[in-house]
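# pasting the structure only:
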């Protein structure tokens, strides 16, 4: 076995079916074999999210997370999608990356600067990385995944993908459905959306998470803001930041922007880490030092652009267009200013490219077996409306299990959410469509494990 850790492999794309779409020569691959080959059902490919996340360590992570019944039946396989980490990564010059302008222009001139920069960055990344920059879309990755299947010697393969990894899974099921044994996709992207629907559903999801946080503070004495008008307090902090009056309690020389607050809160919703967020808001109100501050880097990584801008067409041609979409975004998400992640998605692609390899379309599943979809009702990143949209597009080709709670990535939250996925992977039993898993109140212990505030990904 190779259970001591992942081993690096390389999968050749020799077959003609994907040669025209291939822009790199290999994908880095890791595997932990099952310790019980007599029970083996095949390979479970663990699809990374991001876009731009590495997947090489996922077998180790999930070997500690999955139940023994699943580990007995599958080799766990992780990989870096094209353009990421060890699979011909997208590389760009640091001096160009450091000159990134704001994605919040206030006039036509600033809008033009933002668009010109994206075009310049694209040209620079292409010069540094080669044509992979223009061929890192999820449809191409799906073809790579089928090449990995062949390299592993498998007739069919099983999948578990989270967040942006669900889009790669969807594309695989659409293009290579007859090679799917089982597929569970958790916290789903909707690839069919144009600009306004994309923005409204994304902004609506993060605003819903804020409202759920407020409700928790109203009902729980564990909230440091219990008994206060949390929404009003939050809005006042944003207003102070807008006026340049809010400073970091740990570093009085550093002024906090409203973007810092929105980005930090959005990150806390992922767990969710409500207790920690409430404490941080309370400390900002009273100017009390806290071990972790809101301020952090809000830069958009190059692999994020290279993938997302080839998967979605979200055209915004002028500053007037920008103002319209931004107004809609803020109207839907008044307290969270539209959120950071969704705003980055539709603004970072302005000026990046005029051609989209994998344009948005309704998911068309013909040959795939029934696919298990899982989504939290109150997901701050992949809106429940996205999962509902994909399920509606695919009809009886998918089943949707709803976790009626909070946070991003539903699987780890309860025995119910884990059980429906584990049972599906072990026995092939598809849960009843419309199954709901009851919400479990987030634990205050989440506050102790909150990571450094970063801009989250899908």
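On my side now, so go ahead. In this text, all values refer to a predicted model and were calculated from it rather than measured experimentally.
# Identify each buried residue in the helix ranked longest in the chain, please.
In the chain, ranked by residue count with DSSP state H as the criterion, the top helix is helix 195-219. Going by neighbour count (16 or more other C-beta atoms under 10 Å), the buried part of helix 195-219 is 195, 198-210, 212-214, 216-217. Backbone N, C-alpha and C define where each C-beta goes, glycine included.
# got the angle for the next helix or strand after it vs helix 195-219?
Toward the C-terminus, helix 195-219 is succeeded by helix 230-242 as the next helix or strand (DSSP states H and E). Interaxial angle, helix 230-242 versus helix 195-219 (axes from the mean of the first three to the mean of the last three C-alpha atoms, to 10 degrees): 120 degrees.
# So for helix 230-242, mean pLDDT?
For helix 230-242, mean pLDDT is 97.
# Can you list the strands that the helix or strand following it pairs with?
Next helix or strand after helix 230-242 toward the C-terminus (DSSP H and E): strand 247-248. Looking at strand 247-248 with DSSP bridges, its partner strands are strand 251-255 (antiparallel).
# which is the next helix or strand following the strand it pairs with?
helix 258-268.
# Does residue 259 touch residue 340 like I think?
Yes. Judged on C-beta atoms under 8 Å, residue 259 makes contact with residue 340 at a distance of 6.9 Å.
# Please say which of the two ends up with more neighbours.
Of the pair residue 259 and residue 340, residue 340 is the one with more neighbours under other C-beta atoms under 10 Å, namely 23 against 20.
# Can you tell me, leaving aside adjacent residues, what's nearest to the more buried one?
In space, and not counting its chain neighbours, residue 340 is closest to residue 263: 4.4 Å by C-beta to C-beta, 6 or more residues apart in numbering.
# that older thread, now do the longest helix of the chain: which elements does it pack against?
With contacts defined as 3 or more C-beta pairs under 8 Å, 6 or more residues apart in numbering; DSSP states H and E, the packing partners of helix 195-219 are helix 230-242, helix 258-268, helix 274-286, helix 319-332, helix 341-348, strand 371-378, helix 384-394.
# Give me whichever of these is most buried.
strand 371-378 (a mean of 25; mean count of other C-beta atoms under 10 Å).
# Give me the sheet partners of that one and which way each runs.
Strand 371-378 is paired, per DSSP bridges, with strand 180-186 (parallel), strand 398-406 (parallel).
# quick one, the last one and helix 274-286 angle?
Our comparison of strand 398-406 with helix 274-286, counting by the same axes, to 10 degrees, yields an angle of 40 degrees.
# who does whichever helix or strand comes after strand 398-406 touch, helix- and strand-wise?
Sequence order places helix 415-427 as the next helix or strand after strand 398-406, per DSSP H and E. The criterion is 3+ C-beta pairs under 8 Å, 6+ apart, and the helices and strands that helix 415-427 contacts are helix 68-71, strand 157-162, strand 180-186, strand 371-378, strand 398-406, strand 436-437.
# Give me the neighbour count for residue 336.
29.
# can I assume it sits in a strand?
No. Residue 336 is assigned coil when assessed by DSSP: H, G, I helix; E, B strand; the rest coil, not a strand.
# so who does it touch?
Going by C-beta atoms under 8 Å, 6 or more residues apart in numbering, residue 336 touches 203, 206, 207, 209, 210, 262, 265, 266.
# can we see that at 7 Å?
By C-beta atoms under 7 Å, 6 or more residues apart in numbering, the residues touching residue 336 are 206, 207, 210, 262, 265, 266.
# which one of those sits closest to residue 435?
residue 206 (25.6 Å; C-beta to C-beta).
# residues contacting the closest one?
So, once contact is read as C-beta under 7 Å, 6+ apart, residue 206 ends up touching 266, 269, 333, 336, 339, 380.
# List the residues that contact the closest residue to residue 203 other than its chain neighbours.
Distances taken as C-beta to C-beta, 6+ apart put residue 333 closest to residue 203, at 3.8 Å, once the chain neighbours are dropped. Taking C-beta under 7 Å, 6+ apart as the criterion, residue 333 is in contact with 203, 204, 206, 207, 339.
# Residue 124: which of the strands paired with strand 371-378 is closest?
Once the strands paired with strand 371-378 are compared by C-beta to C-beta, strand 180-186 is nearest, at 33.9 Å.
# For that closest one, which outside residues touch it?
By C-beta under 7 Å, 6+ apart, strand 180-186 touches 42, 156-162, 166, 169-170, 173, 368-369, 371-374, 409-411, 421, 424-425, 428.
# got it, and stretch 167-176?
47, 81, 138-139, 141-143, 145-146, 159, 161, 180, 183, 185, 189, 191, 311, 363-365, 368, 371.
# ok now it, how far from the chain's centre?
16 Å (C-alpha atoms, centre = their mean, to the nearest Å).
# List the buried residues for it?
For stretch 167-176, by 16+ other C-beta under 10 Å, it's 167, 168, 169, 170, 171, 172, 173, 174, 175, 176.
# that's a helix at the third one, yeah?
Yes. Counting by three-state DSSP, residue 169 is found in a helix.
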